[in-house]
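Participant: Okay, predicted coordinates and the sequence, questions at the end:
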Amino acid sequence: MGLFDFFKKKESTPQEQEVLDAGLEKTKDNFFSKITKVIAGKSTVDDDVLDELEEVLVTSDVGVKTTLKIIDRIQARVARDKYVSTADLHGLLRDEIQQLLAENNSNDFSNFEYGSHKPYVIMVVGVNGVGKTTTIGKLAHKLKQAGNQVVIGAADTFRAAAVDQIKLWGERVGVKVVAQAMGSDPASVAFDTLKSAVAAGDDVAIIDTAGRLHNKVGLMNELTKIKNVMQKVVPGAPHEILLVLDASTGQNAIEQCKQFTEATAVNALALTKLDGTAKGGVVIGISDQFKIPVKYIGVGEGVDHLQLFDRRAFVDSLFKD
């Protein structure tokens, strides 16, 4: 299996689907209990049902803008089809949410090509506490399992525990970690990591960055410096800027996404801790509002519980009886 071959799969395996179903259980229960109340005693999808459905979506952390878009689409279909029963509502919602995710390029990553980049450089950003370090460790494991040689750069040098945690993950999954003393220049760590990756012929280099949501200018300057230094070693690096967000924070995750996308060119998202929250609807809202593909979701604590986002499997799991 070659570099990023695991992206070529077209659908989740039964085992992955089982883990996903378990991870989304709280969101599904919350979502469906609310929808059940909306349609109780109703036979058709009328304005009252749509108003209540709007409230369900907003309170499920889908977000106001995205909710209004979904409601408008369902209204158009109801008007076109003249009669839509409440029994059809699940099917309508499923179709519209899948279509929305497809439009936002959260499309299973079967069409991504990485072969021209070696090392392929991933810069990981996000605030402390969102599961950034854990995501890096699990991603390194996933890439290694796919047959790739991986190195991690511990460039979050402002928090002592961050470097130690990255080293522990490196030992756990069997990948190299490049680190310097606490307080070192993060750009220097990134530079050393890519020099090491090039010398060793590594396939992928993952660069951790400081998890501080300080002022936007400071954040922008710091991340720009890291990028500029990396490009001296690997032209075009980083090839991916992965923003890690904690799904359990709901609308706060949307605000963090806004801050980071204004500070740097984020082109992929990872949503963590979906297994511990009923706020999984935030995946839909973030994808729609920022037009950035959701690439990974965290659905459990196990090393194999970071999954490539499969929009079909995600929506199927939400609407499974």
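Facilitator: Nice, thanks for sending it over. Predicted model, so just to flag it, every value in this text is computed and none were measured.

Participant: Skip ahead from the helix or strand hosting Gln259 and say which helix or strand is next.
Facilitator: According to DSSP states H and E, Gln259 maps onto helix 251-263. Proceeding N to C from helix 251-263, the next assigned helix or strand is strand 268-272, under DSSP H and E.

Participant: any idea of the mean pLDDT for the helix or strand hosting Ile226?
Facilitator: Assigned by DSSP H and E, Ile226 belongs to helix 216-233. The average of the pLDDT scores along helix 216-233 is 91.

Participant: Same check on stretch 185-193?
Facilitator: For stretch 185-193, the mean pLDDT works out to 97.

Participant: What of stretch 152-160?
Facilitator: Computed over stretch 152-160, the average pLDDT equals 91.

Participant: Compute the first-to-last residue distance for it.
Facilitator: Chord length of stretch 152-160, first to last residue, is 16 Å (CA to CA, to the nearest Å).

Participant: before we move on, the earlier item: from the contact counts, what lies against the helix holding Gln259?
Facilitator: Judged by 3 or more CB pairs under 8 Å, 6 or more residues apart in numbering; DSSP states H and E, helix 251-263 is in contact with helix 216-233, strand 240-246, helix 282-290. Placement of C-beta: from N, CA and C, glycine included.

Participant: Just tell me which of these ends up closest to Leu68.
Facilitator: helix 282-290 (10.6 Å; CB to CB).

Participant: which residues are contacting whichever helix or strand comes after that closest one?
Facilitator: The helix or strand immediately downstream of helix 282-290 is strand 294-298, counting by DSSP H and E. Identification of contacts with strand 294-298 by CB atoms under 8 Å, 6 or more residues apart in numbering yields 20, 23, 101, 106, 109, 131, 134-135, 138-139, 242, 247, 268-275, 283, 286-287, 305-309, 314.

Participant: Pull the contacting residues for Thr66.
Facilitator: Counting by CB under 8 Å, 6+ apart, Thr66 has contacts 57, 100, 284-285, 288-289.

Participant: pLDDT weak spots in the stretch 1-150 of the chain?
Facilitator: Low-confidence segments of the stretch 1-150 of the chain (pLDDT under 70): 1-12, 105-116.

Participant: Would you map the strands across it?
Facilitator: 120-125, 150-154 (DSSP state E, counting those that start in this stretch).

Participant: what about the last one, distance to the chain center?
Facilitator: Chain-centre distance of strand 150-154: 20 Å, with CA atoms, centre = their mean, to the nearest Å.

Participant: report the angle between the axes of it and strand 120-125?
Facilitator: Counting by axes from the mean of the first three to the mean of the last three CA atoms, to 10 degrees, strand 150-154 lies at 30 degrees to strand 120-125.

Participant: what element comes up after strand 150-154 heading to the C-terminus?
Facilitator: helix 160-173.

Participant: buried sites along that next one?
Facilitator: For helix 160-173, a neighbour-count test (16 or more other CB atoms under 10 Å) marks 162-163, 165-166, 169-170, 173 as buried.
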